[in-house]
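Participant: coords please:
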Amino acid sequence: MTSLGPLALDFPHAVQAIRIRRRRYHQNTGRASTVTVYAITNLTTTQARTADLAGWLRGHWLIESLHHVRDVSIGEDASQVRTGNAPQALATLRNLVISLLRLAGIRNIAKTLRHNSRNPHRPLQLLGIS
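Facilitator: Residues are numbered from 1 along each chain as shown. As a prediction, the model looks like this:
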C-alpha cells in the first residue's frame, strides 16, 4: 500500500508500507498461529514493485535463518573470541559446517551436530574421509 493521503504513515520519508501475515505451525503444541509484521520503505512504487519488496523480504529471512542456526545450534553469540581475525575465521568455519551438512541433505542441523559430537569419526565419514 502507498502511504500517501489520509492513511499516511507517521514516518517522514515513508512512501510504501506492506503488511505480511505469516501462519506458523508450532510442532510442540500442534497449534497454528498468525504473525503479522509490517515493513516500510522510502522507495516509490515505480522503484520497487510489490514483487520486489516481497523478494527482498524473503532474502532477508534466508539470512536470518542462517543467523538463527549459527546462534542456536552452534552457539555463536556465546563465543568469547573477540580479537584479531579469529571471530571472522570462526564464522567462516561455522558457515562451512552448516553448508556441508545442508549439501549432505541434512535438515535438522542441531540434531546432527549432537549426533556427530558423540563420535569423532562421524564428521569424517560425512565428508567421505574415513
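
Participant: got a pLDDT number for residue 1?
Facilitator: Listed pLDDT for residue 1 reads 50.

Participant: for residue 5, same thing?
Facilitator: Note for residue 5: predicted pLDDT of 55.

Participant: Any stretches of this protein with poor pLDDT?
Facilitator: Counting by pLDDT under 70, the chain has low-confidence residues at 1-9.

Participant: where exactly do the helices run in it?
Facilitator: Taking DSSP state H, the helices of the chain run over residues 50-68, 86-103, 109-117, 121-126.

Participant: what separates the first one from the chain centre, distance-wise?
Facilitator: This points to helix 50-68. Taking CA atoms, centre = their mean, to the nearest Å, one finds helix 50-68 lying 8 Å from the centre of the chain it belongs to.

Participant: can you pull the buried residues of that helix?
Facilitator: residue 53 (16 or more other CB atoms under 10 Å). To be clear about C-beta, it is placed using only N, CA and C from the backbone, and glycine gets the same treatment.

Participant: so what's residue 112 up against?
Facilitator: Residues near residue 112 by CB atoms under 8 Å, 6 or more residues apart in numbering: 101, 106.

Participant: That one and residue 90, how far apart?
Facilitator: 19 Å (CB to CB, to the nearest Å).

Participant: Same check on residue 109?
Facilitator: 17 Å.

Participant: One more: residue 101?
Facilitator: Taking CB to CB, one finds residue 101 at 17 Å from residue 90.

Participant: Test my guess that residue 11 contacts residue 38.
Facilitator: No. Judged on CB atoms under 8 Å, residue 11 makes no contact with residue 38 at a distance of 10.9 Å.

Participant: Of those two, which one has the most company?
Facilitator: Shown here are residue 11 and residue 38; by other CB atoms under 10 Å, residue 11 has more neighbours (12 against 9).

Participant: Sweet, I'm off.
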